[in-house]
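S.K.: Whatever this is, show me its structure:
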Amino acid sequence: MVIRRLILSNRSKKILRYSLLILFVIFLILFRFIEEIGLDIKPDDRFIISKVIDGDTVELNGGDKLRLLSIDTPEKGSLYYDEAKQLLAKLSLGKTAKIEYSSARRDRYGRLLGYLYVDSIFINKTILDNGLGYLYLFKDSEINRFETKLLLEAQQNAIDKKVGIWSIKKESEDYYVNTLGSFRLHRPGCRSLQNLKEGRYQKFKTREEAFKQGLSPCRNCQP
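M.R.: Residues are numbered from 1 along each chain as shown. Reported below is the predicted structural model:
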């Protein structure tokens with residue numbers, strides 16, 4: 001009986017030794033593997049702005065593109081396109097950025113969607129402050145966001161000051177039309193308003209009145 005206990009004891013010791021040896025070998029392999037990989041990139045480095053594509057889109061180091069959320073700046077060839085792009089570059093190029101996301105992180109083109117901050121500057125808002133873009137919303141839920149309220153206020157102030165795009169003279173209409181449930185403003189003859197039913201739209205006397213409420217121009221009729 002004593003001999004049997006000794007045998008079991010020796011066997012347990014051997015198993016323990018082998019187990020410790022195996023664990024030590026695994027540890028060495030993992031340590032070597034991690035050492036060869038090197039240090040991970042710091043989280044902040046992933047949000048350095050490496051390129052400015054236009055007035056509302058940048059590229060991050062690593063290749064991801066970021067579309068600034070809730071604003072829309074002039075397209076290439078339009079008035080104030082260059083100014084919007086230059087301002088975005090001045091504020092963000094080569095700098096570490098903080099991105100605040102909304103409910104959807106990417107659009108259908110695979111771009112990140114977010115509010116961009118560099119140091120304490122809210123870049124989306126600064127662009128609207130200077131009259132170099134429009135507030136651009138899609139859903140009713142967006143209108144209650146804290147960021148949207150800041151952006152709307154910036155747009156209202158830019159309209160009052162007639163800076164940037166708000167200084168451009170446009171052919172006026174007797175009234176302007178917005179379909180309920182949409183954030184786009186149209187000229188009365190816009191092709192987007194075909195088969196419009198009574199009670200499904202609202203009218204505005206001026207475009208400025210509509211934009212101060214958070215609407216943005218239709219890209220077809222460009223009010």
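S.K.: Helix, strand or coil: sort out the residue lying closest to Tyr80 once chain neighbours are set aside for me.
M.R.: In space, and not counting its chain neighbours, Tyr80 is closest to Pro74: 4.9 Å by Cβ to Cβ, 6 or more residues apart in numbering. Glycine gets a C-beta too; all of them are placed from N, C-alpha and C. Secondary structure, DSSP: H, G, I helix; E, B strand; the rest coil: Pro74 is coil.
S.K.: Tell me where the model's unsure across this protein.
M.R.: For the chain, the stretches with pLDDT under 70 are 1-46.
S.K.: What segments of it are helices?
M.R.: 2-37, 81-92, 123-129, 146-161, 207-211 (DSSP state H).
S.K.: Could you give the bridge partners of the spatially most central residue of the chain?
M.R.: Among the residues of the chain, Gly114 comes closest to the average C-alpha position under Cα atoms, centre = their mean, at 1.9 Å. On the basis of DSSP bridges, Gly114 takes part in beta bridges with Leu68.
S.K.: wait, it sits on Leu66?
M.R.: Yes - using Cβ atoms under 8 Å, Gly114 is in contact with Leu66, at 6.1 Å.
S.K.: Now for the two: what residues contact both?
M.R.: Ile99 (Cβ atoms under 8 Å, 6 or more residues apart in numbering).
S.K.: residues touching the residue nearest to Tyr80, list them.
M.R.: With Cβ under 8 Å, 6+ apart, Pro74 has these contacts: Gly55, Tyr80, Tyr81, Ala84, Leu132, Gly133, Ile165.
S.K.: With Asp129 instead?
M.R.: By Cβ under 8 Å, 6+ apart, Asp129 lies in contact with Ala154, Asn157, Ala158.
S.K.: need those residues in CSV with distance to Gly214 and neighbour count, can you?
M.R.: Below are these laid out as CSV (distance: Cβ to Cβ, whole Å; neighbours: other Cβ atoms under 10 Å):
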residue, distance to Gly214, neighbour count
Ala154, 12, 22
Asn157, 14, 15
Ala158, 13, 24
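S.K.: quick one: which of those residues is nearest Tyr109?
M.R.: Ala154 (25.8 Å; Cβ to Cβ).
S.K.: how close does that closest one sit to Asn124?
M.R.: 9 Å (Cβ to Cβ, to the nearest Å).
S.K.: Thr73 now?
M.R.: For Thr73 relative to Asn124 (Cβ to Cβ), the value is 10 Å.
S.K.: just Glu83 next, same as before
M.R.: Distance from Glu83 to Asn124, by Cβ to Cβ: 16 Å.
S.K.: do Glu147 as well
M.R.: Using Cβ to Cβ, Glu147 is found at 7 Å from Asn124.
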